[in-house]
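1. Sequence first, then the predicted structure:
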Amino acid sequence: MRFLIIVVLSALLQLFMPWWIVAVVPFAVYFWRPARSAFWISFLAIAIVWFVYGYYLHLISDGAMSDRIAGIFSLSNGYLLLFVTAFIGGLVGGISGLSGFLIKSALTERLQRTSPLN
């Protein structure tokens, strides 16, 4: 369920907001509902979103745009650029999801230690 929430929210919000919204969405999801798989689920969700959107742009431009951008970065073709972009986006999403999980865990642990009921 978290995977779908991250995919849908990040895909929709990227239409109206800056690229770094992909860091906010997994952070918020895993802060709200923490789970140990935070890095990998967030990584896959954002990587898939960026890869699918990049592939869509590649198809509508017949590869011209992605091949030119790949040339700027000394990559052999546009498909390699898609994989590199998906990997970088996945890292951003994974680290932010893990950060949300770890911050929620740290705050919960601190609140439990300082509770007057203990």
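-> Cool, the structure landed. Residues are numbered from 1 along each chain as shown.
2. Can you identify each of the helices in the chain by residue range?
-> Taking DSSP state H to define them, one finds helices in the chain at 2-13, 21-32, 38-60, 64-72, 78-113.
3. hey, which of the ones you listed is tucked in deepest?
-> helix 21-32 (a mean of 22; mean count of other C-beta atoms under 10 Å). (Glycine included, C-beta is placed from N, CA and C.)
4. now that helix and helix 2-13, what's the angle there?
-> Angle, helix 21-32 to helix 2-13, by axes from the mean of the first three to the mean of the last three C-alpha atoms, to 10 degrees: 140 degrees.
5. average pLDDT for helix 21-32?
-> Mean pLDDT, helix 21-32: 94.
6. low-scoring pLDDT stretches of the protein, where are they?
-> Scanning the chain with the threshold set as pLDDT under 70 gives 115, 117-118.
7. can you tell me which residue is nearest the centre of it?
-> Residue closest to the mean C-alpha point of the chain, counted by C-alpha atoms, centre = their mean, is Gly93 at 2.7 Å.
8. so what's that one closest to, chain neighbours aside?
-> Spatial nearest neighbour of Gly93, chain neighbours left out: Ile46 (2.9 Å); criterion: C-beta to C-beta, 6 or more residues apart in numbering.
9. residue contacts, that neighbour?
-> 6, 10, 22, 26, 89-90, 92-94 (C-beta atoms under 8 Å, 6 or more residues apart in numbering).
10. Kindly indicate which of the residues you listed lies nearest Ala106.
-> Using C-beta to C-beta, Pro26 comes nearest to Ala106 of the contacts of Ile46, at 17.2 Å.
11. Quick one: residues contacting Val22.
-> So Val22 contacts 10, 14, 46, 49-50, 89, 92-93, 96 (C-beta under 8 Å, 6+ apart).
12. Make CSV from those and add distance to Phe39 to it.
-> Shown next, in CSV, are the contacts of Val22 (distance: C-beta to C-beta, whole Å):
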residue, distance to Phe39
Ser10, 16
Gln14, 21
Ile46, 11
Val49, 16
Trp50, 16
Gly89, 14
Val92, 11
Gly93, 9
Ser96, 10
